[in-house]
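> Sequence plus the predicted model coming up.
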Amino acid sequence: MKKDRPKRKKRWGWLIPVGVLGLLIVFALGMLIVDTPNRREIAEMEIGQIDFSSLNDGTYTGSYIGTKGHMRDVTLTVTVENGVITDISIPGEALDKEGNPAELGEGVTAIGYLTRAAAAQSLGIDAVSGATLTSKTLLKALENALEQAQ
């Protein structure tokens, strides 16, 4: 009888890893299903044009708040001096383990991406590969802030 017990353990030993894997798959699919309306909303969102040559000095706050989900909501502050963007900040920006701003992808942070838009004086810059939706929400928040500076 002692020989039967190890066989039972081996026979059922695969059940725990397969069960854990199954739960992870169900969780991932659930998150995808929950986020789909939000993803669609952002993908269909239009980014407007801003005349960067006519910005009034001041500090402006802009936000993107989704109506179908809030995973990519963002609020930022833009400072304009002498008609030029001099500072962009994102209170509560995601940080990595070392406390540095988290990368969107390609070594670019959210602030770095928005700085590209300010340098190009355009909201029509390319999205960060792998972070297209987040890039769009950042640009929309910047657009909403700069509309106040017009």
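Structure's in. What do you need?
> Mind listing what's buried along the helix or strand where residue 147 lies?
Take DSSP states H and E as the rule and residue 147 turns out to sit in helix 132-148. For helix 132-148, the neighbour count (16 or more other C-beta atoms under 10 Å) marks 133-146 as buried. For glycine as for every other residue, the C-beta is placed from the backbone atoms N, C-alpha and C.
> And this protein, split by domain according to the record?
4-44, 52-148 (automatic domain parsing).
> what would those domains look like in a markdown table with mean pLDDT?
What follows is the domains of the chain, written out as a markdown table (pLDDT from 0 to 100):
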| stretch | mean pLDDT |
| --- | --- |
| domain 4-44 | 76 |
| domain 52-148 | 90 |
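> which of those sits most buried?
The highest average neighbour count among those, using mean count of other C-beta atoms under 10 Å, belongs to domain 52-148 at a mean of 16.
> The most centrally placed residue in the chain: what's it in contact with?
Nearest to the geometric centre of the chain sits residue 134, at 3.4 Å (C-alpha atoms, centre = their mean). Contact analysis of residue 134 by C-beta atoms under 8 Å, 6 or more residues apart in numbering lists 72, 104, 110, 128.
> my guess is residue 84 meets residue 55, correct?
Yes: Residue 84 lies in contact with residue 55 (C-beta atoms under 8 Å); the separation is 7.4 Å.
> before we move on, the earlier item: pull the distance from the helix holding residue 147 to the chain's centre.
11 Å (C-alpha atoms, centre = their mean, to the nearest Å).
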